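> build me a model from this:
(one chain, ligands or ions: 1)
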Amino acid sequence: MRIDVVTLFPDLVNCVSGCGVTGRAVERGILDLHCWNPRDYTEDRHRTVDDRPYGGGPGMVMKVEPLRRAIHDARQADTVPPLVVYMSPQGRRLDQDAVQRLADLPRLILIAGRYEGIDERLVELEVDEEWSIGDYVLSGGELAAMVVIDACARLLPGALGDEDSAQQDSFMTGLLDCPHYTRPEVYEGRGVPQVLLGGHHAEIERWRRKQALGRTWQRRPDLLEHRVLDEADQRLLDEYRRELAD
Ligand SMILES: Cc1cccc(C(=O)NCC2(NC(=O)c3cccc4nocc34)CCCC2)c1
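Below you'll find the model as predicted:
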């Protein structure tokens with residue numbers, strides 16, 4: 001998969017290719033990552049990428065032309081046609097299903113805004129979709145782009161070794177994760193649930209599923225709203241709720 005990022009801070013975005021799953025994906029050639037800086041596409045002495053907003057008001061707006069030229073070069077860098085995504089607070093909320101869809105594409109161009117945002121004509125002329133990572137104020141779209149890069153990279157074939165794929169599987173079920181424990185067995189008087197020490201795999205799987213269902217019901221009931229639990233899961237959740245009541 002190829003991802004091109006249009007950003008004023010390529011050094012920030014390129015950090016993903018330096019470590020972890022994303023770093024390995026780039027190293028293995030599973031993910032091809034390139035950054036394009038609009039500042040390299042300015043023609044004035046001051047390399048101006050922003051200007052004052054029409055209508056007045058605080059802050060600055062990213063100019064169309066430098067962005068447009070950067071996107072043009074990004075598009076031309078590969079023959080594969082890209083989906084152009086503007087990471088934006090006005091975008092649809094990213095979730096695992098959306099990430100899976102993006103990760104299945106051969107190519108993405110991600111645009112990261114700065115200042116108060118980008119000139120709307122750029123969105124009209126170049127952007128296919130707008131996506132948001134959440135409802136809070138950020139200084140730029142780069143961290144959002146890096147979230148997309150990380151979440152997509154994990155889904156690319158060969159990116160995860162067996163040791164990493166467990167977490168993937170748990171969230172792929174649309175549930176929250178179960179609690180995790182490792183040595184020491186007792187820490188400040190707090191032990192580990194006995195079932196995890198017994199080595200009885202079926203019992204351990206049952207306990208983990210029950211915890212995932214129970215925690216999802218308690219903390220994120222919205223994730224269960226559109227979900228019909230099968231009989232086994234319903235029974236586990238009932239058991240979890242009964243144990244809470246005890
Ligand atoms: C709730 C709200 C309302 C109004 C503005 C902002 C805000 O944060 N504006 C600043 C910018 N925010 C983002 O880019 C951004 C922010 C959050 C999630 C995102 N997912 O993708 C990109 C995202 C836009 C231009 C420069 C950064 C946030």
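
> so in the chain, where's the weakest helix or strand by average pLDDT?
In the chain, no helix or strand scores lower on mean pLDDT, DSSP states H and E than helix 162-172, which sits at a mean of 64.

> going on from that one, what's the next piece of helix or strand?
For helix 162-172, the following helix or strand on the C-terminal side (DSSP states H and E) is helix 194-197.

> which strands or helices does that next one pack on?
Helix 194-197 is packed against helix 201-219, with contacts defined by 3 or more C-beta pairs under 8 Å, 6 or more residues apart in numbering; DSSP states H and E. Yep, even glycine has a C-beta here, placed from its N, CA and C like the rest.

> what are the buried residues along the helix or strand that the helix it packs on is followed by?
The helix or strand immediately downstream of helix 201-219 is helix 222-225, counting by DSSP H and E. Buried positions in helix 222-225, judged by neighbour count with 16 or more other C-beta atoms under 10 Å: residue 224.

> contacts for helix 222-225, please.
For helix 222-225, contacts defined as C-beta atoms under 8 Å, 6 or more residues apart in numbering pick out 174, 175, 176, 216, 217.

> list the buried residues for the following helix or strand past that helix?
Next in sequence after helix 222-225, counting helices and strands by DSSP H and E, comes helix 231-245. Neighbour-count burial for helix 231-245, counted by 16+ other C-beta under 10 Å, picks out 233, 236, 237, 240.

> show me what contacts the closest residue to the second one other than its chain neighbours?
Spelled out, that is residue 236. Spatially, and ignoring its direct neighbours in sequence, residue 236 is nearest to residue 210 (4.2 Å; C-beta to C-beta, 6 or more residues apart in numbering). By C-beta under 8 Å, 6+ apart, the contact set of residue 210 is 236, 237, 239, 240.

> relative to residue 226, which of the residues you listed is nearest.
residue 237 (15.7 Å; C-beta to C-beta).

> ok, now which ones touch the closest one?
210, 213, 214, 217, 229.

> around residue 183, how many other residues sit close by?
By the criterion of other C-beta atoms under 10 Å, residue 183 has 7 neighbours.

> what's next to the longest strand anywhere in the chain, contact-wise?
Longest strand of the chain, by residue count under DSSP state E: strand 83-93. For strand 83-93, the external contacting residues (C-beta under 8 Å, 6+ apart) are 71, 98, 102, 105, 107-113, 117-118, 123, 126-135, 137-138, 141, 144-145, 148.
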